[in-house]
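Asker: Quick one, structure for this:
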Amino acid sequence: RKPPKLHAYHLVFEAYRNVMTSRKKKDVRQAANKAEKLLDEIIKAGVEPNVITFNLLLDTLARGGHGVIPNLCNRADAVVERMVGKNNFLRLVGDNPLKQHYNEEVGSFRVEPDLYTKHLLLRVYAEEGGSKRYLMRARRLLLSMEQSRSEMESSGRSSINNKRRGTGGREWSEEDFKSLPNRDSYNAVLRSMVYSGGEPN
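Answerer: Below you'll find the model as predicted:
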């Protein structure tokens with residue numbers, strides 16, 4: 001029996017994500033748990049997940065929120081670690097790589113994250129509400145996204161209809177454009193600074 005195509009799995013992720021609007025916390029937690037297990041099922045079936053797969057899972061967890069899903073930051077971190085590898089994850093969020101794994105993962109992502117991945121992580125970190133560690137990560141992600149905005153502008157793309165290729169011949173997608181920092185991104189980081197007591201060290 002052939003495993004379902006990746007798109008079919010994505011539809012299941014979307015169904016779990018839709019449950020995140022439920023007012024029943026038990027349903028939200030169960031859907032989040034099932035979404036995490038679905039990624040294991042995909043890999044076990046020999047289907048290769050892509051950036052959309054990981055973003056759907058990350059979005060599902062983010063929509064559940066800190067008040068409902070236990071250990072949300074840790075669970076979001078685990079998703080992205082599986083996506084890119086341990087050290088590439090640490091570089092993505094601005095932490096120091098671990099020396100014992102440094103030579104294993106330098107130079108390539110297992111699945112390369114896009115701007116939407118960073119947008120979702122920033123949202124999870126900034127809404128954590130108090131930890132300076134996650135505030136620092138949120139600010140680093142925000143800076144990285146601002147750098148992508150500069151690259152877009154320097155490549156000549158200022159709107160969806162003006163497609164240009166960025167560094168290395170990359171063409172910015174509509175999803176990238178929508179995932180650039182906006183007022184909500186900055187407000188989320190500012191709220192996190194208030195909850196954590198100010199600027200991180």
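Asker: burial count for the residue nearest to residue 120 when sequence neighbours are not counted?
Answerer: Excluding the flanking residues, the one nearest residue 120 by Cβ to Cβ, 6 or more residues apart in numbering is residue 58, at 4.6 Å. (Each C-beta comes from the backbone N, C-alpha and C, glycine too.) By other Cβ atoms under 10 Å, the residues close to residue 58 number 24.
Asker: Tell me both backbone torsions, phi and psi, for the spatially closest residue to residue 117 that is not a sequence neighbour.
Answerer: Spatial nearest neighbour of residue 117, chain neighbours left out: residue 55 (5.8 Å); criterion: Cβ to Cβ, 6+ apart. Backbone torsions of residue 55, given as degrees, to the nearest 10, read phi -70, psi -40.
Asker: In contact with residue 55, which residues?
Answerer: When contacts are counted by Cβ atoms under 8 Å, 6 or more residues apart in numbering, residue 55 is found next to 114, 116, 117, 120.
Asker: What residues sit buried inside the strand or helix carrying residue 26?
Answerer: Using DSSP states H and E, the element containing residue 26 is helix 25-44. Neighbour counts over helix 25-44 (16 or more other Cβ atoms under 10 Å) mark 28, 31, 32, 34, 35, 36, 38, 39, 42 as buried.
Asker: can I get the residues you listed in a markdown table with pLDDT and distance to residue 180?
Answerer: Converted to a markdown table, the buried residues of helix 25-44 look like this (pLDDT from 0 to 100; distance: Cβ to Cβ, whole Å):
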| residue | pLDDT | distance to residue 180 |
| --- | --- | --- |
| 28 | 95 | 29 |
| 31 | 96 | 29 |
| 32 | 96 | 27 |
| 34 | 97 | 31 |
| 35 | 97 | 26 |
| 36 | 97 | 28 |
| 38 | 96 | 29 |
| 39 | 95 | 27 |
| 42 | 93 | 29 |
